[in-house]
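**Q** Dropping a prediction and its sequence here:
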Amino acid sequence: MSEKKYIPNNRRPRLQPGSVKPTRPDQSGPRTERRGDGETGRRGARETGGSSSLPNATEDQNDTIYGRHPVLAALENQHTLHRIWITPQLRYDPRFHTLIESATTSGTVIDEVDYHRLDQITNRGNHQGVAAQVSPYKYCAFEELIARSLSTSEAPVVLVADSINDPHNLGAIIRTAESLGAQGLVIPQRRAVGITSTVMKVAAGALENFPVSRVVNLSRALEQLKEAGFWIYGAAANASLVMHEVDFSGPTCLVVGSEGDGLSLLTQRRCDMLVSIPLAGKTPSLNVSVATGMALYEIYRQRWIQRRHLGNVKKN
C-alpha cells in the first residue's frame with residue numbers, strides 16, 4: 001500500500017464552532033519555547049542527552065507472561081516464545097491445540113505441568129493454566145512509528161507517556177489506547193518503566209498490534225512530531241482549558257505525565273496546549289491510566305460525531 005504523506009501547512013483541519021485550536025510559531029524559523037496554558041511547574045526542567053531514538057532497544061532479560069488471553073495473543077501473532085508451561089487439559093483445548101503444535105515446529109519447548117507448578121512459575125499469579133517465556137520486547141524505531149501512523153490514518157493519534165513508573169498503569173494505558181484506535185506510544189528510556197512481563201500481562205495482548213517506541217530525548221521526540229504535522233496536547237490537572245473545548249481533529253499527540261508529579265516543566269514547554277479533565281467531586285486528581293482513557297475517549301468521541309455528521313450530509 002502506498003504511503004500517505006501529511007502536509008501540515010496545506011491540510012490543517014477545519015475548526016468547528018466553539019472549538020479551540022492553538023496557534024504555533026512559523027515553522028520556517030526557530031521555534032519559540034513557551035509555557036503551556038495552566039502550567040503547574042511541579043517539577044524542574046531536565047534534558048536528557050544522546051540520540052533521539054533507540055530503534056532496536058530491548059529489555060535486558062527474558063520475561064514470563066501468563067493468562068490465556070496474553071499467551072493466545074502471542075501465539076496468534078507468532079511472537080517468539082522460548083517455552084510454554086501449560087496444563088494437559090488446556091493444551092488440547094481447541095483454542096490452543098493448533099497454535100501449540102505450530103509453536104512446537106518453530107522450536108518452542110512445551111512443558112505440561114500442573115497448577116501447583118504454574119503457581120510457582122508465576123508467583124501465584126492468575127495464570128489460568130498457562131504461562132510462557134517470551135523473548136525481549138523489540139521496540140519500534142521512532143521514525144518508523146511516525147511513518148506508520150501517518151500512512152495508517154490522515155488524522156493519527158500518538159500517545160506519549162512522560163516518566164510512567166508503574167507497569168500496571170503503563171499496561172492499562174496501552175490496552176486502552178489500542179482498543180480505541182491510537183497508532184502508537186512513545187516512552188522515555190530513563191526514569192520510566194519499559195515493556196516488562198507485567199506490562200504485557202496488563203495490556204492483555206494489545207502489544208501484539210500496538211507499536212511502542214523508546215526514546216532517549218523526549219523533548220526532541222515531541223519536536224519531531226511537530227515537524228511531522230502533529231499538534232501536541234499535554235494533560236495537566238491544573239490546566240484552565242478543559243478537553244471538550246478543544247478541537248482534536250488532525251494528527252494528534254496526547255502527552256500524559258507520571259503518577260506523582262505529572263508532566264515535567266520541560267515537557268509542558270514542548271506542548272502546543274495544556275488541557276484538563278473537569279472534575280466535580282472532592283477527589284483532586286485521577287489515576288494516570290484512568291485519566292488517559294478519558295482523554296483518549298474524548299478525542300475519538302469528537303471524531304465519531306464528525307464522521308456521523310459527514311455521513312448525514314452526504315445522504316442529504
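**A** Sure thing, it's come through.
**Q** what pairs with the residue nearest the centre of the chain across the strands?
**A** By CA atoms, centre = their mean, the chain has its centre lying nearest to residue 185, at 3.3 Å. Beta-bridge pairing of residue 185 under DSSP bridges involves residue 159, residue 212.
**Q** And the pLDDT at it?
**A** For residue 185, the model assigns a pLDDT of 98.
**Q** Show me what the helix or strand hosting residue 146 is packed up against.
**A** If you go by DSSP states H and E, residue 146 is part of helix 142-152. Helices and strands touching helix 142-152, by 3 or more CB pairs under 8 Å, 6 or more residues apart in numbering; DSSP states H and E, are strand 157-161, strand 184-188, strand 212-215, helix 218-227. (C-beta placed from N, C-alpha, C; glycine too.)
**Q** buried set for the last one?
**A** Spelled out, that is helix 218-227. Of the residues in helix 218-227, 218, 219, 220, 221, 222, 224, 225, 226 count as buried by neighbour count, 16 or more other CB atoms under 10 Å.
**Q** out of those residues, who's nearest residue 140?
**A** residue 221 (12.6 Å; CB to CB).
**Q** Residue 89 reaches residue 129, doesn't it?
**A** Yes - between residue 89 and residue 129 there is a contact under CB atoms under 8 Å: 7.1 Å.
**Q** which of the two has more neighbours?
**A** residue 129 (21 against 9; other CB atoms under 10 Å).
**Q** so what's the more buried one up against?
**A** By CB atoms under 8 Å, 6 or more residues apart in numbering, the contact set of residue 129 is 68, 86, 87, 89, 90, 115, 118.
**Q** Tabulate these (JSON lines), appending pLDDT.
**A** Formatted as JSON lines, these follow (pLDDT from 0 to 100):
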{"residue": "68", "pLDDT": "91"}
{"residue": "86", "pLDDT": "95"}
{"residue": "87", "pLDDT": "94"}
{"residue": "89", "pLDDT": "92"}
{"residue": "90", "pLDDT": "93"}
{"residue": "115", "pLDDT": "93"}
{"residue": "118", "pLDDT": "94"}
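**Q** Now tabulate these in CSV and tack on distance to residue 166.
**A** CSV is the format used below for the contacts of residue 129 (distance: CB to CB, whole Å):
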residue, distance to residue 166
68, 24
86, 29
87, 31
89, 34
90, 30
115, 29
118, 25
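**Q** Just give the nearest non-adjacent residue to residue 270, would you?
**A** residue 222 (4.2 Å; CB to CB, 6 or more residues apart in numbering).
**Q** domain parsing for the protein?
**A** 64-134, 142-312 (the TED database).
**Q** residue ranges of the strands in the stretch 101-250 of the chain, please?
**A** Per DSSP state E, counting those that start in this stretch, the stretch 101-250 of the chain carries strands over the ranges 109-112, 130-134, 157-161, 184-188, 212-215, 231-235.
**Q** now for the ones you listed, which one comes closest to residue 274?
**A** strand 231-235 (4.7 Å).
**Q** Buried residues, that closest one. List them.
**A** Buried-residue list, strand 231-235, by 16+ other CB under 10 Å: 231, 232, 233, 234, 235.
**Q** Check stretch 75-90 too.
**A** Quick answer for stretch 75-90 (16+ other CB under 10 Å): 75, 79, 81, 83, 84, 85, 86, 87, 90.
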